[in-house]
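# turn this into a model:
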Amino acid sequence: TFIGLSAVLALGAAAQSLHAQESTPGARNQEITPLRGNLYQVRDGREHTVFLVTRDGIVVVDPLSRPAAMALKEELETRFPGVPVRYVVLTHHHADRTAGAGVFDAAQRVANRAFNEQLARSRRANEAEYRFVREVRDSFDTRRTIRIGDTSVQLVHVRSTHATDMIVVY
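Numbering: from 1, shown residues only. Here you go, the predicted structure:
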């Protein structure tokens with residue numbers, strides 16, 4: 001199965017879903033909405049991201065802040081018991097998209113090869129903002145395909161003025 005996750009996600013935008021939204025319990029203003037098949041959108045305040053559920057595990061794209069990621073992790077464990085988060089895909093190094101990645105400590109973090117270098121530069125400029133952003137061990141140059149369950153998730157490095165390590169996820 002080939003699932004299109006959306007290039008727009010890389011910039012934090014997301015289309016409104018026609019499906020009814022399911023609220024996440026707790027104090028967070030977080031909602032999870034089914035988009036299509038086993039692809040879900042997460043809205044946390046004004047930020048959006050997605051995750052994909054397969055029989056072999058979950059792929060989370062840009063887990064956002066640590067509080068957002070903690071709430072999402074709890075919700076994933078409740079909704080999909082026994083299905084681990086296998087991959088956390090990071091579209092670029094900015095803290096507002098990546099600070100929550102460490103919450104999914106057992107997952108493999110994947111990003112463009114320039115991610116760690118760009119993260120180091122950003123840390124030097126603003127240590128406090130980037131203190132929770134972890135480096136990645138699994139990176140790629142131009143393209144990478146993650147096969148999980150019967151699904152392929154394609155990662156493609158793109159040129160962007162927003163971040164030199166930007167990728168889109170399909």
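# hey, let's count contacts and neighbours off CA atoms from now on
OK.
# and for the closest residue to Leu39 other than its chain neighbours, the neighbour number?
Leaving aside its sequence neighbours, Leu39 sits nearest to Leu52 (C-alpha to C-alpha, 6 or more residues apart in numbering; 4.6 Å). Counted with other C-alpha atoms under 10 Å, the neighbours of Leu52 add up to 23.
# okay, now the unreliable bits of the protein?
Scanning the chain for pLDDT under 70 picks out the ranges 1-28.
# those helices in it, which residues are they?
66-79, 95-98, 115-125 (DSSP state H).
# what residues sit buried inside the first one?
Buried residues in helix 66-79, defined by neighbour count with 16 or more other C-alpha atoms under 10 Å: Arg66, Ala68, Ala69, Met70, Ala71, Leu72, Lys73, Leu76.
# for that helix, list the C-alpha coordinates in CSV.
What follows is helix 66-79 as a C-alpha-only set of coordinates in CSV (Å, rounded to 0.1, in the frame of the first residue of the first chain):
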residue,chain,number,x,y,z
ARG,A,66,7.6,17.1,24.4
PRO,A,67,4.2,17.7,26.0
ALA,A,68,2.4,17.0,22.7
ALA,A,69,4.5,13.9,22.1
MET,A,70,3.8,12.6,25.7
ALA,A,71,0.1,13.0,25.1
LEU,A,72,0.3,11.4,21.7
LYS,A,73,2.3,8.4,23.1
GLU,A,74,-0.3,7.8,25.8
GLU,A,75,-3.1,8.0,23.2
LEU,A,76,-1.3,5.6,20.8
GLU,A,77,-0.8,3.1,23.6
THR,A,78,-4.6,3.3,24.5
ARG,A,79,-5.9,3.2,20.9
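# centre-most residue in the chain?
Val61 (1.7 Å; C-alpha atoms, centre = their mean).
# if I look at the nearest residue to that residue once chain neighbours are set aside, how far off is Thr98?
Spatially, and ignoring its direct neighbours in sequence, Val61 is nearest to Val89 (4.7 Å; C-alpha to C-alpha, 6+ apart). Val89 is 9 Å from Thr98, where distance means C-alpha to C-alpha, to the nearest Å.
# ok, the two, which is more surrounded?
Val89 (29 against 26).
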